[in-house]
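Engineer: okay, predicted coordinates and the sequence, questions at the end:
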Amino acid sequence: MTHLPYILASYGLAGSLAVILSVGAALRLKRDRVKLASLEAARGRSQGGKRA
Amino acid sequence: MKRKTRRLWLVIACVAGLGTAAGLTLSAFSSNIQLFMAPSQVVDHPPAADRTIRLGGMVVAGSVKRERQGETPINLFQVTDGQAAVTVRFEGILPDLFREGQSVVAVGSLEPDTTFVASEVLAKHDETYMPKEVAEALQKSGKWNPKFGPPPDAASWNAMTGKDTAAGKN
Amino acid sequence: MNGRTLSATPTLTERAGALFHRYANPGRFLRLGDRIQPWLTWSAVIITLIGLSWGLFFSPADWQQGDSVRIMYVHVPCAWLSSSGYFALAVCSVLSLVWKHPLADLAAVEIGPVGACVTATCLATGSLWGKPMWGTWWVWDARLTSVLVLFFLYLGHIALIHAFDDQQRGYRAAAILALAGAVDLPIIKFSVQWWNTLHQPASITLTGAPTMSQTMLWPLLISTLGFTLGFAAIVVARLRAGVMESRIRSLLSSPRRASSGEASA
C-alpha cells in the first residue's frame, strides 16, 4: 500500500477515539447504576414503612 | 402556554436575523474568502510585484518543463482558467498529484516580466474518485485524456468498474 | 411542570410540546434506552467493521491518490457526522429554549464532547490526507476554516454549559451559542460552491449522480451508516448515564422526598 503511515494514523486515530469514548461511557454507566441503586436502597430503607 | 409560542417565534426571529447578518457579511467579504485568483484576473489586474498571492488553475497540457540547477529541480509550467494563461516558475519538489491537466494552487508573486514565481505549489484534487483500472481503460479506449480536463461522468464508467474489478481482482 | 396548563384548544406549539414530553421524558428515555442500547451498539460495531475493512482491503485504489483514498472512509463519515451532530445540538437547543425540556438539556451536554471528538478526527484525518495529496497539512480555505470554526463552537459549547454555578443558566447560555453557531452549517456545506477552495467539491450530492466509482461509494456509505450508529450508541449511553446522574443529584439534594421531580412526569 502507498501512503501507509498516513492511512494507519487515520484509522488508528478514529479507532482509538471510538474505544476511549465507548469505554468511558460504559464505565460511567456502571458507576452511576451502582450509585443510583445504593441511594434508592437507602431511601427505601429509611421510608420503607411509608412507601409499602 | 402562550409563552412557549412566543419563545418559539423569538428563537426563529433571532436565527433568521443572525443568518441574514452572516450572509451579508460573507457576501461583502466574498472576494477575501476566495483562496486563489484565476489567471485571467491576474492578467487583467496584475498585483504589485511584492504582494504574495495565490494563483489557481489547470496546468496546460505540454507546458511542463523540468530542469535541474545543481540539486534543486526547477519547474516551469503554465496555469490557465480557459481565458488566460500565466507561466509559473517553481524551485522545489512538486506534490504527488501534480500533472498536466491537474488543477493546482501556486503561492508566490508576479514578477514584472509576468512570470509567476511560486514559493509553494499545492495540487488540487477534483471530486472524481476512480479506480486505477478504469482510468487506464478509459485512456486506452481514447474516451478521455487526463491532460485535457476532467474525466467523463461516473455513470458512463460505473458499469465498467464492476466488470473490470471483478475480472481484474487477483 | 406543564400538565395542568393545557387549555381546551391546544395550539400547535402546545401539541408539539406535549408530544416531546410524552415521548422523551427522562424516565421513559431510560427504559427505552436500556432496550435499544445493545442493538445500537452491536449493529454499529458490526457495520463499521464491515465498512472499514471493505474500504481498507477490498475497495480499489484511486488512479491518482493511490491507497491514500482509503483515508476517505474515515474522514468523510466524520465530516458528515460533525455537521449532523451539531444540527442535533441545535435541535436540542430549540427544545430547551422553547419548551424547557429537561432531556434536551441533558442531551446537549452529552452530544457536545462526542461531536467535538468527531470533528477533531475529521480535521486530523483531512490533514493526514492533505499532506501527501495537496502537499500541505493545512490551508486557510473556506471549507477547512469553517470546519475549524465548527470545532471551536463545539469546544465553546462544552465550556459554556459547565461555566455557571446555576446549571439552568449554563444550559440556556450554551443553547443560545449552539443555535447561533448553526449558521456555520450551511457555510460548511456550500463553502466549496460559493468560493474557490483547495478542498474538492462534494462527490455525492442530492441533485446529481455521484462522481465516485460505485466500488468506493458502497464502502463509504456503509462506513457512514456504521459511524452514525456508533455516534448514536455513544450518545445514548452517555445520556442514560446523564439521566441517572441527574437523578442521583436530586436524590442527594432532597433525600427525604419520596420521588424526584423529573422521574414522575
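Structural biologist: Sure, I can see it. Since the structure is predicted, the reported quantities are computational estimates derived from the model, not experimental observations.
Engineer: who's in contact with B:Leu55?
Structural biologist: With contacts defined as Cβ atoms under 8 Å, 6 or more residues apart in numbering or on different chains, B:Leu55 is in contact with B:36-39, B:42, B:79, B:86, B:88, B:105-106, B:108, B:116, B:118. All C-beta atoms are positioned from the backbone trio N, CA, C, and that covers glycine.
Engineer: tell me the one of the residues you listed nearest chain A?
Structural biologist: Nearest to chain A among those is B:Val105, at 20.6 Å by Cβ to the nearest Cβ.
Engineer: name the SS class of the closest one, please.
Structural biologist: strand (DSSP: H, G, I helix; E, B strand; the rest coil).
Engineer: so how many other residues sit close to it?
Structural biologist: 26 (other Cβ atoms under 10 Å in any protein chain shown).
Engineer: with chain C as the reference, measure out to it.
Structural biologist: 6 Å (Cβ to the nearest Cβ, to the nearest Å).
Engineer: thought that residue was touching B:Arg54?
Structural biologist: Yes: the criterion here is Cβ atoms under 8 Å, and B:Val105 meets it with B:Arg54 at 5.5 Å.
Engineer: what about the chain, any weak spots by pLDDT?
Structural biologist: Here I'm looking at chain A. Applying pLDDT under 70 to chain A flags the ranges A:1, A:47-52.
Engineer: other chain: chain B
Structural biologist: B:1, B:160-170.
Engineer: go through the biggest helix by length in it and flag the buried ones.
Structural biologist: Across chain B, the longest stretch assigned as helix under DSSP state H is helix B:2-28. Under the neighbour-count criterion of 16 or more other Cβ atoms under 10 Å in any protein chain shown, helix B:2-28 has B:Lys4, B:Arg7, B:Leu8, B:Val11, B:Val15, B:Leu26 buried.
Engineer: same thing with stretch C:58-65?
Structural biologist: Residues of stretch C:58-65 classed as buried: C:Ser59, C:Pro60, C:Ala61, C:Asp62, C:Trp63, C:Gln64, C:Gln65 (neighbour count, 16+ other Cβ under 10 Å).
Engineer: skip the chain neighbours and tell me the closest residue to the second one.
Structural biologist: Just to be clear, that refers to C:Pro60. B:Pro131 (3.5 Å; Cβ to Cβ, 6 or more residues apart in numbering or on different chains).
Engineer: what about B:Ser156, how many residues close to it?
Structural biologist: Neighbours of B:Ser156 (other Cβ under 10 Å): 13.
Engineer: ok, B:Val43 next?
Structural biologist: Applying other Cβ under 10 Å, I find that B:Val43 has 16 neighbouring residues.
Engineer: OK, contacts around it?
Structural biologist: B:Ala84, B:Val86, B:Thr114.
Engineer: now, of the residues you listed, which are buried?
Structural biologist: By 16+ other Cβ under 10 Å, those give B:Ala84, B:Val86 as buried.
Engineer: out of the contacts of B:Val43, which comes closest to A:Leu17?
Structural biologist: Closest to A:Leu17 out of the contacts of B:Val43 is B:Val86 (43.4 Å), distances taken as Cβ to Cβ.
Engineer: now do the SS call for the closest residue to B:Phe36 other than its chain neighbours.
Structural biologist: Nearest residue to B:Phe36, sequence neighbours excluded (Cβ to Cβ, 6+ apart): B:Gly56, at 3.2 Å. Of the three states, B:Gly56 takes strand under three-state DSSP.
Engineer: separation between B:Gly56 and C:Thr136?
Structural biologist: 14 Å (Cβ to Cβ, to the nearest Å).
Engineer: so for the two, which residue has more residues nearby?
Structural biologist: More neighbours surround B:Gly56 than the other of B:Gly56 and C:Thr136, with 24 against 17 (other Cβ under 10 Å).
Engineer: greatest separation within the buried residues of stretch C:58-65: which pair is it?
Structural biologist: C:Ser59 and C:Gln64 (15.1 Å).
Engineer: and the residue nearest to C:Ala209 when sequence neighbours are not counted, what are its phi and psi?
Structural biologist: In this structure, C:Ala209 finds its nearest non-sequential neighbour in B:Ala155, 5.1 Å apart by Cβ to Cβ, 6+ apart. Dihedral angles of B:Ala155 (phi, psi; degrees, to the nearest 10) stand at phi -60, psi -30.
Engineer: tally up the residues packed near B:Ala155, please.
Structural biologist: 12.
Engineer: cool, and B:Gly57?
Structural biologist: Neighbours of B:Gly57 (other Cβ under 10 Å): 26.
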